[in-house]
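> I would like the atomic coordinates for the input below:
(2 chains)
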Amino acid sequence: MSGTIDAPVELIALIEANARLWAGEAEVFAAYFGSPQRTAATDEAWLVRQCYKELIDGVAGRLAQLTQSIDESRGATQALADDVVKSELEHYAVFAMAHRAAAAMLPVGERPIRVRFVGVDWAENAALQTMRSEHLREYGDIGRRAAAFTEGGYGTLYLAGMRLAGGSALDDAIAQACTRVFDDECEHMLQGIAGLAAQPLSRADWQCLERLTLEQGRLRIRMRNAQFGHPLSSERVRELEAGAAEPLAFDYARAGLRPR
Amino acid sequence: MRAVPTAVPLDDASIAETIAHSAVLARGIADVVCTTPVGHDTCGALHGVWLDLRRLGLAADPDRHAAFFAEAVDDRIAHADAQRVLVAGCADWGMLATVARAYAQRARALDVSVVDRCPTPAMLCAWYASRIALPVRTIVADLVQFAPEGAFDLVCTHSLLTYADLAGRQQLVANWHRMLSPGGAVVTVSRLDLESVQAPGAMSERARGFGDLVLERCGELGIDAGEGDLRARAERFAVAQISHRIGDERDLRTLFETQGFDVVRLDVRRLEGMTGRRADVTGAARRNAYGELVAVRR
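Predicted coordinates:
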């Protein structure tokens, strides 16, 4: 981030309100990676879903947006060159490599030959995508900003995965993938958040944005808990959705923001 | 997940435009994503050029049997109340579009899933479905092992059976039987072996011939072949494809009947191709006989 600007109080309030949900998401990963029930098979299962998110939710969704009203002059080539498309495609590739590492650790006979994924059995993710679409349709630009703000959940998955470095070969493969993705995601997310500081949003817009991001953030905790095989109880998930976790500290300096 | 497809492009110009745009996307995606071994290469040899070949009229795609698929799917909607549909294996969004069109024309709700071994067709189907606001489940799995939670009313697929040998085909059809509800149906087209199709010349010569043909068609249609390196992609496609002999229409019928289906329609259709003898490669729109089949689960 070049330069530092003052963060509006509304933005600080938005960040503080979401920081408890980011911490809730982080608790899912801490519970999973610290669990004795974690195996190569459970890693294979969450990585499959992560591949799905990167390719179907990420690449296909973004390309559909970009090519919805495409004309010959801009073309699909330009859509493929879009930064988000390129990075989501790369994220798919690095998680696919981690998936192959997990699959290779499975007993012979249980190994998928290639990355396979299912979206059909992940209702919590479908619910999140549906909510984002509805927010976009109903609130337009504020809905788009809400989705951008909650995208990646403040990178808590990638941070948790990066901490596995130095463990088993599979731990290292996951850590490598997460490190690669974290750099991209963190930069995108911080740019998006910092970009809000420069936007002339009304008080009502800020209030709407906060409401939408919190709704999406709560669904993200459910979505992650399902992705990782429910390491947290339903009761704990409800507590986290209600903001029970200690808020994560937001890196204002990295975002190029100065809290007032 | 059910919805009436209301925004399916029906006119030729819109369909052609969608093919042209997604051909570019498919190249970019396949070059990163495709790793599944198929034939003499990976699935990227197919997925990275298939939409270009469709654009040029050189792909043996479901559109060559458009009337059959439209009739057969419509019949299952009208007379069997088919709602839950599985597109079983696909190279792109073509079969999904065929199914969606049939439901759009009847204004009936569709609950559709797409399964393929490679993520690239799944991604292209998700992209297409998003454009037409149709909910779709995209699943990457081996169709022989795929075990959905609920049953389907209809399985639609095109030219999938020739990818497997006899034992593989039997397993595939048996799994379709397991996936279908009683009275559910398979609607498919498969190449038949009614005459020798062995073209003269080595594969490398035919691959070069196919590359020449792609360039000619690009010239005729005013398409820049250099942009996507289409000649190299076409030659890679030509060399990579393999196709198992399936036999004649009696063999195709037996395949389904022995796995618990009643074959209620089996038409043999002879199609002329655009490839000619010099570019006679598997997977291309060549002259051949095809079985157009509807089989109902007993």
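> residue contacts, the residue nearest the centre of chain A?
Nearest to the geometric centre of chain A sits A:Gly152, at 2.1 Å (CA atoms, centre = their mean). Contact analysis of A:Gly152 by CB atoms under 8 Å, 6 or more residues apart in numbering or on different chains lists A:158, A:185-186, A:188-189. All C-beta atoms are positioned from the backbone trio N, CA, C, and that covers glycine.
> low-scoring stretches of the stretch 1-150 of chain A, by residue?
Residues of the stretch 1-150 of chain A meeting the criterion pLDDT under 70: A:1-2, A:69-74, A:110-121.
> actually chain B, not the one I typed
Using pLDDT under 70, chain B drops low at B:196-200.
> Against the centre of it, work out the most remote residue.
Distance-from-mean max, chain B, by CA atoms, centre = their mean: B:Gly201 at 27.4 Å.
> wouldn't that one be in contact with B:Val281 here?
No - using CB atoms under 8 Å, B:Gly201 is not in contact with B:Val281, being 10.9 Å away.
> one step back: compile the contacts of A:Gly152 into CSV and extend it with columns for pLDDT.
Shown next, in CSV, are the contacts of A:Gly152 (pLDDT from 0 to 100):
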residue, pLDDT
A:Tyr158, 96
A:Glu185, 79
A:Cys186, 80
A:His188, 74
A:Met189, 77
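> By residue count, tell me the biggest helix in chain B.
For chain B, the helix that runs over the most residues, judged by DSSP state H, is helix B:12-33.
> Name the residues of that helix that are buried.
Across helix B:12-33, burial judged by 16 or more other CB atoms under 10 Å in any protein chain shown covers B:15, B:18-30, B:32-33.
> Same question for stretch A:129-145.
A:129, A:131-132, A:135-136, A:139, A:142-143, A:145.
> ok so, going back, check the secondary structure at the residue nearest to the centre of chain A for me.
helix (DSSP: H, G, I helix; E, B strand; the rest coil).
> Helix or strand: which one has residue 183?
Since you didn't name a chain, this refers to chain A. Per DSSP states H and E: A:Asp183 is located in helix A:169-197.
> not what I meant, chain B
Going by DSSP H and E, B:Gly183 is in strand B:180-191.
> partners of that strand in the sheet?
Within its sheet, strand B:180-191 is paired with strand B:152-158 (parallel), strand B:288-297 (antiparallel), according to DSSP bridges.
> can those go into TSV with extra columns for mean neighbour count and distance to B:Asp81?
As requested, the strands paired with strand B:180-191 are exported to TSV (neighbours: other CB atoms under 10 Å in any protein chain shown; distance: least, CB to CB, whole Å):
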stretch	mean neighbour count	distance to B:Asp81
strand B:152-158	25	7
strand B:288-297	22	14
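> Figure out which of these is closest to B:Arg191.
Nearest of these to B:Arg191, taken as CB to CB: strand B:288-297 at 5.6 Å.
> Tell me which residues touch the closest residue to A:Tyr158 other than its chain neighbours, please.
Among residues not flanking A:Tyr158 along the chain, A:Phe182 sits closest, at 3.6 Å (CB to CB, 6 or more residues apart in numbering or on different chains). If you count contacts by CB under 8 Å, 6+ apart, A:Phe182 has them with A:155, A:158-159, A:162.
> quick one: contacts for A:Asn18?
Per CB under 8 Å, 6+ apart, neighbours of A:Asn18: A:149-150, A:154, A:213-214, A:217.
> And the contacts of A:Phe182, which is closest to B:Arg217?
The closest of those, once distances to B:Arg217 are taken by CB to CB, is A:Tyr158, at 45.9 Å.
> three-state assignment of residue 244?
Picking chain A for this. Looking at A:Ala244 with three-state DSSP, the answer is coil.
> Please apply the same query to the one 5 residues further on.
Counting by three-state DSSP, the backbone at A:Ala249 sits in coil.
> burial of it, as a residue count?
By the criterion of other CB atoms under 10 Å in any protein chain shown, A:Ala249 has 8 neighbours.
> ok, now B:His79?
By other CB under 10 Å, 8 other residues sit near B:His79.
> what separates it from chain A, distance-wise?
Counting by CB to the nearest CB, to the nearest Å, the gap from B:His79 to chain A is 27 Å.
> Now name the helix or strand holding that residue.
Going by DSSP H and E, B:His79 is part of helix B:66-80.
> Could you list the buried residues of that helix?
In helix B:66-80, counting by 16+ other CB under 10 Å, buried: B:68-69, B:71-77.
> For residue 33, give me its contacts.
Just going to use chain A. By CB under 8 Å, 6+ apart, the contact set of A:Phe33 is A:160-161, A:163-164.
> That was the other one, I meant chain B.
A:55, A:89, A:92-93, A:96, B:44, B:118-120, B:123.
> any idea how far A:Cys186 is from it?
24 Å (CB to CB, to the nearest Å).
> Could you pull out the strands in the stretch 1-150 of chain A for me?
A:5-7, A:117-118 (DSSP state E, counting those that start in this stretch).
> which strands and helices sit next to the longest one?
Think strand A:5-7. The contact analysis (3 or more CB pairs under 8 Å, 6 or more residues apart in numbering or on different chains; DSSP states H and E) places strand A:5-7 against helix A:169-197, strand A:257-259.
> hmm, try it at 6 Å
The helices and strands touching strand A:5-7, judged by 3 or more CB pairs under 6 Å, 6 or more residues apart in numbering or on different chains; DSSP states H and E, are strand A:257-259.
> same for the strand it packs on, what does it pack against?
strand A:5-7.
> So which bits of the strand it packs on are buried?
Buried residues in strand A:5-7, counted by 16+ other CB under 10 Å: A:Ala7.
> just stretch A:3-17 next, same as before
Applying 16+ other CB under 10 Å to stretch A:3-17 flags A:7-8, A:10-12, A:14-15, A:17 as buried.
> got a list of contacts for it?
A:196-197, A:206, A:210, A:250, A:256-260 (CB atoms under 6 Å, 6 or more residues apart in numbering or on different chains).
> End to end on it, go ahead and measure it.
25 Å (CA to CA, to the nearest Å).
> for it, the distance to its chain's centre please.
21 Å (CA atoms, centre = their mean, to the nearest Å).
> and what of stretch A:35-46?
The answer for stretch A:35-46 is 20 Å, by CA atoms, centre = their mean.
> is any part of that stretch close to chain B?
No - residues of stretch A:35-46 are not located near chain B by CB under 6 Å from any CB of the partner chain, the shortest gap being 13.4 Å.
> Would you mind pulling the contact partners of that stretch?
Residues contacting stretch A:35-46 (CB under 6 Å, 6+ apart): A:102-103, A:105-106, A:227-229, A:231.
> which residues sit in contact with B:Asp262?
By CB under 6 Å, 6+ apart, the contact list for B:Asp262 reads B:296, B:298.
> thinking again about what came up before, quick check: the residue nearest to the centre of chain A vs A:Arg220, distance?
In terms of CB to CB, A:Gly152 sits 9 Å off from A:Arg220.
> Kind regards, and thank you for your time.
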